[in-house]
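*Asks:* build me a structure from this.
(one chain, ligands or ions: 4)
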Amino acid sequence: MMSRIPVIEMFGPTIQGEGAVIGVKTMFVRTYGCDYRCGWCDSAFTWDGSAKDKVTMLTPQEILAGLLELAGENFNCVTISGGNPALIGEAMGEFISLLHERGIQAAIETQGSRWQEWFHEVDVLTISPKPPSSGMQTDWDKLDEIMHRVADNGKAAHSLKVVVFNQEDYEYARKVHFRYPEVPLFLQPGNDNVTEEGDISGRLLGRLEWLFERVIADPQMNRARVLPQLHALIWHNKRGK
Ligand SMILES: C[S@@+](CC[C@H](N)C(=O)[O-])C[C@H]1O[C@@H](n2cnc3c(N)ncnc32)[C@H](O)[C@@H]1O
Ligand SMILES: Nc1nc2[nH]cc(C(=O)O)c2c(=O)[nH]1
Ligand code: SF4
Ligand SMILES: [Mg+2]
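*Replies:* Ligands and ions are numbered 1, 2, ... in the order given. A predicted model of the protein is given here:
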């Protein structure tokens, strides 16, 4: 049987709002299921069961057809997020090959808890280990293994992205930076209310300013880049953006 991928939503074109390729037009494919349970997850519907009825098991060809139906030729990049897309094996590699056959780039959002061989084929690999405020524990041996593998063989432009809610998270981000000094590091302020309706940009910009001040004062963070969730400034907590 053809292997299938659990997809909870596909949307776009939108603008990549985070990290190394912020500002790029992209489609999104969100897989179902996560091995983490971050307390502040802005996409908890991908794992908490609340939207389980929306999951469809799709072949790589069906996902590509769905994206083309949504957007025609109006995209050149697909961002695969979740949940944790690194829970998916070979079928994801097949999907990435299909994208490449059409000259479309593949970007991945994952937390660095699982490795897949297809990471080597990804064009933009974002690894986002989770700070203490998430309630999750980083398996440093696993993260080391993943960072070494992508550095040794990967063609992927890879980067690290740490979400920061408080001073303890900031210390964690510094630890990540010391451990992998050659890897571009992006710091992203946390959104501490992912269900608030209306305009949340003022609150998020306040968090961004707080993080700017930390980095400005810190000679050990001279190469880190601080970025907001750009889409959240524009579209707030709206889903599918
Ligand atoms: C929903 S996650 C899915 C991919 C993967 N599970 C991960 O965490 O990297 C996508 C990105 O959103 C970030 N994120 C999730 N909740 C957030 C929040 N409340 N504030 C800021 N960033 C958040 C994650 O850290 C991650 O970089
Ligand atoms: N516009 C936009 N950019 C994003 N970058 C990472 C996202 C994610 O949820 O993985 C995301 C998202 O959900 N929307
Ligand atoms: S790892 Fe990502 S998807 Fe999973 S709970 Fe944390 S933020 Fe949400
Ligand atoms: Mg998001």
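
*Asks:* from now on I want contacts and neighbour counts done on CA atoms only, so please keep to that.
*Replies:* OK.

*Asks:* host element of the residue nearest to the spatial centre of the chain?
*Replies:* Nearest residue to the geometric centre of the chain (CA atoms, centre = their mean): E109, 2.8 Å. Per DSSP states H and E: E109 is located in strand 105-110.

*Asks:* ok, that strand near ligand 3 or not?
*Replies:* No: Strand 105-110 is not in contact with ligand 3 by CA under 6 Å from any ligand atom; minimum separation 6.8 Å.

*Asks:* what strands line up against that strand, and which way round?
*Replies:* Each strand paired with strand 105-110, and its direction, by DSSP bridges: strand 77-81 (parallel), strand 124-127 (parallel).

*Asks:* can you list the residues that contact the helix or strand following the shortest one?
*Replies:* Taking DSSP H and E as the definition, the helix or strand that follows strand 124-127 towards the C-terminus is helix 140-153. Helix 140-153 is contacted from outside by 112-115, 119-120, 156, 158, 180, using CA atoms under 8 Å, 6 or more residues apart in numbering.

*Asks:* 6 Å instead, please
*Replies:* For helix 140-153, the external contacting residues (CA atoms under 6 Å, 6 or more residues apart in numbering) are G112.

*Asks:* what's the answer for stretch 50-64, then?
*Replies:* Residues outside stretch 50-64 that contact it (CA under 6 Å, 6+ apart): 4-8, 45, 95.

*Asks:* the strands paired with strand 105-110: which one's closest to ligand 3?
*Replies:* Closest of the strands paired with strand 105-110 to ligand 3 is strand 77-81, at 7.9 Å (criterion: CA to the nearest ligand atom).

*Asks:* just give me the longest helix of this protein.
*Replies:* Using DSSP state H, we find that the single longest helix of the chain is helix 201-216.

*Asks:* just confirm yes or no for that one near ligand 1.
*Replies:* No: Helix 201-216 stays out of contact with ligand 1 when judged by CA under 6 Å from any ligand atom, the minimum separation being 9.4 Å.

*Asks:* least confident secondary structure element in this protein?
*Replies:* Counting by mean pLDDT, DSSP states H and E, the chain has its least confident helix or strand at helix 140-153, which shows a mean of 93.

*Asks:* buried ones in it, by neighbour count?
*Replies:* Neighbour-count burial for helix 140-153 flags 143, 146-147, 150-151 (criterion: 16 or more other CA atoms under 10 Å).

*Asks:* what about the following helix or strand past that helix, near ligand 1?
*Replies:* Later in the chain than helix 140-153, the nearest helix or strand by DSSP H and E is strand 157-164. Yes: Strand 157-164 reaches ligand 1 (CA under 6 Å from any ligand atom) through V163.

*Asks:* for strand 157-164, packing partners?
*Replies:* Here strand 157-164 touches strand 124-127, strand 185-189, going by 3 or more CA pairs under 6 Å, 6 or more residues apart in numbering; DSSP states H and E.

*Asks:* let's see 10 Å
*Replies:* For strand 157-164, the packing partners by 3 or more CA pairs under 10 Å, 6 or more residues apart in numbering; DSSP states H and E come out as strand 105-110, strand 124-127, helix 140-153, helix 167-179, strand 185-189, helix 201-216, strand 225-226.
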